[in-house]
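Q: Give the three-dimensional model of this entry:
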Amino acid sequence: MPAKRKIEVLREFFTKDPSPIFVKLTDLLINEGHSDQLSRISERYTRLVSEMEKISFGQIVSAFPLDEKTIARAEATLNRQFNLTFKLKNDVNPLILGGLIIKIIGGTRIDMSLKKTLIELNNSLVSIPV
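A: Predicted structure coming up:
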């Protein structure tokens, strides 16, 4: 694929034009058969930038779509608790029934879902001797 076409394809995935270095790196990885590593490289780069800028990315999972104001309030709460700047993306999963699950890059998971609460309640009721 010609370099100009590759840049056009990459532009479809990014809000800003990709840097020439990024295009060359991507081209090299694809041509050398290492395109399967792009995801890991992207994750690692995101973590490095996050650490440098004290930004943490994550997901806020809810049973229905959240409005921007609710997401901003969740980010502000996390900002105060962890002394970082959080950027959360809303993912919808009706299986959690209600409440929220916050997943932060790096492995932190805060589960305040109704499903988890009901499972814990069921487990505690089952363990009561009759």
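Q: burial measure for S127, as a count.
A: S127 has 7 neighbours, counted by other C-beta atoms under 10 Å. Any C-beta I mention is one placed from the backbone N, CA and C, and that applies to glycine too.
Q: Distance check, it against K116.
A: S127 is 17 Å from K116, where distance means C-beta to C-beta, to the nearest Å.
Q: so what's G98 closest to, chain neighbours aside?
A: Residue nearest to G98 in three dimensions, not counting chain neighbours: L114, with 3.7 Å by C-beta to C-beta, 6 or more residues apart in numbering.
Q: Was I right to think the one you found contacts G99?
A: Yes: L114 is within contact range of G99, at 4.7 Å (criterion: C-beta atoms under 8 Å).
Q: Quick check: which ranges of the chain have low pLDDT?
A: 1-18 (pLDDT under 70).
Q: okay, and the common contacts of L114 and G99?
A: Among the neighbours of L114, those also in contact with G99 (C-beta atoms under 8 Å, 6 or more residues apart in numbering) are A63.
Q: returning to what we had before: please work out how many residues are found near the residue nearest to G98.
A: Other residues near L114 number 13, with proximity taken as other C-beta under 10 Å.
Q: Which of the residues in the helix or strand hosting N122 are classified as buried?
A: Using DSSP states H and E, N122 falls within helix 114-126. Using 16 or more other C-beta atoms under 10 Å as the test for burial, helix 114-126 gives K115.
Q: elements contacting that helix?
A: Here helix 114-126 touches strand 99-104, going by 3 or more C-beta pairs under 8 Å, 6 or more residues apart in numbering; DSSP states H and E.
Q: Show me which positions of the strand it packs on end up buried.
A: L100, I101, I102, K103, I104.
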